[in-house]
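A.B. asks: I would like the atomic coordinates for the input below:
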Amino acid sequence: MANPRLRVVLAEDAALLREGLVELLERFGHDVVAAVGDSREVAKAVEDHRPDLVVTDVRMPPDFQDDGLRAATALRERHPGLGVLVLTQYAATAYACELLESGEGSEGGLGYLLKDRVGTVAEFLSAVQCVAAGGTVVDPEVVRQLLGNRRTSKPVDRLTARERDVLALMAEGRTNGGIAAALHVSQPTVAKNIGGIFQKLGLTEGDGHRRVLAVLTYLRS
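C.D. replies: Residues are numbered from 1 along each chain as shown. Okay, here's the model as predicted:
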């Protein structure tokens, strides 16, 4: 089945990269309804066009700090179903956690990818589709750094080594099938591990979005 045609707002201050992303997205059947170079223009673009997805950098005008990220998180508060994919050169775990925490209680997907680690066009387009569909995608390098910062006496410490492997792949946005292929196990085994993760992290069926909540617990650890 063909992937759905998405309406995208793109926020990137580097003109050449912005134009290249517009051409790429449109070549693969998506509509870039607005492409802006200043974080102050993002909110108006979203209000005017009501896109499925915002793709944004972190550091943008006017202050060249975390302007793009702040604009995106503010938009998610006003539009809970909006998907946000951050595409940046900064592997800052604080930025990634801030973005993911903004998704609690929201139906919109979230993604945090590093520009210089997106290996193929197909990988980028897959992340776009995943986030637009409500999924979560985090660059493996950011996951590695977050895991490296992990301290003891946290909920994640109750997980087995295999459950931590599964949760790390969940944080990258992998499906059960993708996790099974990466770990060379069956999908029922993955499902069993995910059930163990939910149980040990205290996530019940009534919590909703348990997969995202499990990833947040992992990243906060």
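
A.B. asks: which residues of the protein fall in strands?
C.D. replies: Taking DSSP state E as the criterion, the chain carries its strands at 7-11, 31-36, 53-56, 83-88, 110-114, 136-138.

A.B. asks: report all helices and strands that the shortest one contacts.
C.D. replies: The one in question is strand 136-138. helix 93-101, strand 110-114, helix 121-132, helix 161-171, helix 210-220 (3 or more CB pairs under 8 Å, 6 or more residues apart in numbering; DSSP states H and E). C-beta here means a position set from N, CA and C on the backbone, and glycine is covered the same way.

A.B. asks: can you tell me what sits against that strand?
C.D. replies: With contact meaning CB atoms under 8 Å, 6 or more residues apart in numbering, strand 136-138 is reached by 85, 96, 100, 103, 109-113, 127, 130-131, 170-173, 211-212, 215, 219.

A.B. asks: rerun at 6 Å
C.D. replies: Strand 136-138 is contacted by residues 110, 111, 112, 127, 130, 131, 171, 172, 173, 212, 215 when judged by CB atoms under 6 Å, 6 or more residues apart in numbering.

A.B. asks: list the contacts of residue 75.
C.D. replies: Contacts of residue 75 by CB under 6 Å, 6+ apart are 46, 82.

A.B. asks: try it again with 7 Å
C.D. replies: 42, 43, 46, 54, 82 (CB atoms under 7 Å, 6 or more residues apart in numbering).

A.B. asks: could I get the contacting residues of residue 68?
C.D. replies: Contacts for residue 68 (CB under 7 Å, 6+ apart) come out as 11, 39, 56, 57, 58, 59, 60.

A.B. asks: ok, now which ones touch the third one?
C.D. replies: Counting by CB under 7 Å, 6+ apart, residue 56 makes contact with 11, 42, 68, 72, 84, 86.

A.B. asks: please identify which of those is nearest to residue 188.
C.D. replies: Distance to residue 188 across those (CB to CB) is lowest for residue 84, with 32.9 Å.

A.B. asks: helices and strands of this protein: which one bottoms out on pLDDT?
C.D. replies: Least confident helix or strand, the chain: helix 140-148 with a mean of 69, by mean pLDDT, DSSP states H and E.
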